[in-house]
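Peer 1: Sharing a sequence plus its predicted fold:
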There are 2 protein chains.
Amino acid sequence: MDTSSQEFQKLYSAMSAFVTECMSGHDPSHNPAHVHRVVALAEKILASEQSKKPTKQFNEAEVKLAALLHDIGDRKYISKLDTASGTEAVDPTTMVKHALLAQGASADLAGRVQTVVSHVSYTTECKDPSVIRNLIAEGYGELAIVQDADRLDAIGAIGIGRCFTFLGAVGKKYCEEGKWEMGNSIEHFGDKLEKLEGMMKTQTGREMAKIRTERLRVFKGWWEDEMHI
Amino acid sequence: MDTSSQEFQKLYSAMSAFVTECMSGHDPSHNPAHVHRVVALAEKILASEQSKKPTKQFNEAEVKLAALLHDIGDRKYISKLDTASGTEAVDPTTMVKHALLAQGASADLAGRVQTVVSHVSYTTECKDPSVIRNLIAEGYGELAIVQDADRLDAIGAIGIGRCFTFLGAVGKKYCEEGKWEMGNSIEHFGDKLEKLEGMMKTQTGREMAKIRTERLRVFKGWWEDEMHI
């Protein structure tokens, strides 16, 4: 599907409204603004990768839609999604496909975007990295781009902001009783955020991640300095 | 009161338990860990100021107790304080004094610590800076130290972490409808945090604030870079 076509623009616009409906109540670490940054990052990576490798083809419609929809069905917020959509039993593994089909997307496009969205997660990848590697090798290059875009928004200054915002908004339930502390966010840098650079799938993503990861390290240095009063 | 005396240590310990009771449910931007960092900063500033100006005397007991109790009665969290203390009508302007008197502090000590605590706030100072200047000039040098300590914890990496944590935990009610966004925290840098360095009352505070304010500026530069995808 040509992304400059009216048909695509109508579909993208309807999906964007769906994202707003599902996520507008979310805290600012995982809200529509995050999603739109990820779309912009994915477009940037796509353009850069295509200029680096003109023979390799990516489906731009899939990249944009998967970036837009990548947090639909996210387990961290699924109870809120249920409420937002007003349904009792939402299946997070097919929400994206159904939403696309309902707006007239082809079964192929809807299925491929759902596949990308279902495999973006860091936790899913950690469980079995070969699944992701194989998907990308077998024709899902779009997944590499969307994953890198989402992970870039988790690091650097924006990632730091999101990490603490999430701690304040949702973090209490992930902390041990009486241990709702900012140190948990700093631990998250080492547990996950600093690892993302090494998991980037595109050259463009790796280059951008290098800069943002250095920012995490500088920030952590400041933190340690200030904690040792 | 000699801070190395058993009497002071018993009082400090009882007040510390009171702070934990009042604030343990607070999000990590304004919890007991914040308070204990402010106490450590106040002790550091006090030691440094006394070495710079050996003729000037500060009351160490007042500095430590006021730093420990500085957020008791904070309007941002007052409804939670009511619940924590189990009373219906808590007067935030006398809570500290009453708590100290109940633990055997002298009326003079309790009154002076209450006065410091009641004048720590940035908002209060902005309304009429002369009130603060006069208090400090008229024998409340301890207020200068406690204010600087509290404000140092609002800047630098720790301040950045607290700013976003507060946004996630409490910020929604301070944002316009549909505008609960991380950009509000970045605006808060310019609206308040970057101004604190110029409002420091002690030389030690000013020196430490300079370093931490530069960190705010570096972080904001990263933020702007990442926002322009």
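Peer 2: Structure's in. What do you need? Note that the coordinates shown come from a computational prediction; the quantities given were computed from them, not determined experimentally.
Peer 1: gap between the longest helix seen in chain A and the chain center?
Peer 2: With DSSP state H setting the assignment, residue counts place helix A:203-227 as the longest helix in chain A. Relative to its chain's centre, helix A:203-227 lies at 19 Å (C-alpha atoms, centre = their mean, to the nearest Å).
Peer 1: likewise stretch A:128-141?
Peer 2: The answer for stretch A:128-141 is 17 Å, by C-alpha atoms, centre = their mean.
Peer 1: For that stretch, which residues meet the burial criterion?
Peer 2: Applying a neighbour-count criterion of 16 or more other C-beta atoms under 10 Å in any protein chain shown, one finds A:132, A:135-136, A:140-141 buried in stretch A:128-141. To be clear about C-beta, it is placed using only N, CA and C from the backbone, and glycine gets the same treatment.
Peer 1: for stretch A:53-64, same thing?
Peer 2: A:58-64.
Peer 1: Between those residues, which sits nearest residue A:146?
Peer 2: residue A:63 (6.3 Å; C-beta to C-beta).
Peer 1: What about the closest one? Give its phi and psi, please.
Peer 2: Backbone geometry at residue A:63, expressed as degrees, to the nearest 10, gives phi -60, psi -50.
Peer 1: What are the neighbouring residues in contact with it?
Peer 2: Residues in contact with residue A:63 (C-beta atoms under 8 Å, 6 or more residues apart in numbering or on different chains) are A:42-43, A:46, A:142, A:145-146.
Peer 1: What about the residues you listed, which are in helices?
Peer 2: A:42-43, A:46, A:142, A:145-146.
Peer 1: Could you export the residues you listed as a markdown table, including distance to chain B?
Peer 2: Below are these laid out as a markdown table (distance: C-beta to the nearest C-beta, whole Å):
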| residue | distance to chain B |
| --- | --- |
| A:42 | 10 |
| A:43 | 8 |
| A:46 | 12 |
| A:142 | 18 |
| A:145 | 14 |
| A:146 | 14 |
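Peer 1: which of these sit farthest apart?
Peer 2: Greatest spacing in those, by C-beta to C-beta: A:43 and A:142 (12.0 Å).
Peer 1: re earlier: for the buried residues of stretch A:128-141, which one is nearest chain B?
Peer 2: Closest approach between the buried residues of stretch A:128-141 and chain B, by C-beta to the nearest C-beta: residue A:141, at 20.4 Å.
Peer 1: give me the element residue A:29 is part of.
Peer 2: Per DSSP states H and E, residue A:29 falls between elements, in no helix or strand.
Peer 1: pretty sure it is touching residue A:165, no?
Peer 2: Yes. With contact defined as C-beta atoms under 8 Å, residue A:29 counts as touching residue A:165 (4.3 Å).
Peer 1: picking up where we left off before, now tell me what touches the longest helix of chain A from outside.
Peer 2: For helix A:203-227, the surrounding residues in contact (C-beta under 8 Å, 6+ apart) are A:41, A:44-45, A:48-49, A:52, A:144-145, A:148-149, A:151-152, A:155-157, A:159-160, A:186, A:189, A:193-194, A:196-197, A:200, B:37, B:156-158, B:160-161, B:212, B:215, B:218-219, B:222, B:226.
Peer 1: The same query, at a cut-off of 7 Å, please.
Peer 2: A:45, A:48-49, A:52, A:148, A:152, A:155-157, A:159-160, A:186, A:189, A:193-194, A:196-197, A:200, B:156-158, B:215, B:222 (C-beta atoms under 7 Å, 6 or more residues apart in numbering or on different chains).
Peer 1: What parts of chain A come near chain B?
Peer 2: A:24, A:27-29, A:33, A:37, A:40-41, A:44, A:156-158, A:160-161, A:164-169, A:178, A:180-182, A:185, A:215, A:219, A:222-223, A:226, A:229 (C-beta under 7 Å from any C-beta of the partner chain).
Peer 1: Give the buried subset of the residues you listed as a PyMOL selection command.
Peer 2: Buried residues among those (16+ other C-beta under 10 Å), as a PyMOL selection:
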select buried, chain A and resi 27+28+29+33+37+40+41+44+156+157+158+160+161+164+165+166+167+168+169+180+181+182+185+215+219+222+223+226+229
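Peer 1: taking the residues of chain A next to chain B one by one, which sit in helices?
Peer 2: Among these, the ones falling in helices (DSSP H) are A:33, A:37, A:40-41, A:44, A:156-158, A:160-161, A:164-169, A:185, A:215, A:219, A:222-223, A:226.
Peer 1: Test my guess that residue A:93 contacts residue A:118.
Peer 2: Yes. Counting by C-beta atoms under 7 Å, residue A:93 touches residue A:118, with 6.1 Å between them.
Peer 1: Output the lowest mean pLDDT helix or strand found in chain A.
Peer 2: Here the helix or strand of chain A ranked lowest by mean pLDDT, DSSP states H and E is helix A:78-85, holding a mean of 54.
Peer 1: Kindly state the pLDDT recorded for the residue in chain A positioned nearest to chain B?
Peer 2: Closest to chain B within chain A is residue A:168: 2.8 Å, counting by C-beta to the nearest C-beta. pLDDT, residue A:168: 98.
Peer 1: Identify the residue nearest it in space, chain neighbours excluded?
Peer 2: Closest residue in space to residue A:168, ignoring its immediate chain neighbours: residue B:168 at 2.8 Å, by C-beta to C-beta, 6 or more residues apart in numbering or on different chains.
Peer 1: ok now do that neighbour, which residues does it touch?
Peer 2: Neighbouring residues of residue B:168 by C-beta under 7 Å, 6+ apart: A:27, A:29, A:164-169.
Peer 1: and with 8 Å instead?
Peer 2: A:27-29, A:164-171, B:27 are the contacts of residue B:168 under C-beta under 8 Å, 6+ apart.
Peer 1: Would you mind listing the buried residues in the helix or strand harbouring residue A:49?
Peer 2: Remark: residue A:49 resides in helix A:32-52, with elements defined by DSSP H and E. By neighbour count on 16+ other C-beta under 10 Å, the buried set for helix A:32-52 is A:32-46, A:48-49.
Peer 1: Check stretch A:98-115 too.
Peer 2: In stretch A:98-115, counting by 16+ other C-beta under 10 Å, buried: A:99-101, A:103, A:105, A:109-110, A:112-115.
Peer 1: what's in contact with it?
Peer 2: A:1, A:10-11, A:14-15, A:18, A:59, A:61-62, A:65-66, A:69, A:72, A:93-94, A:96-97, A:135, A:140, A:142-143.
Peer 1: Alright, that wraps it up for me.
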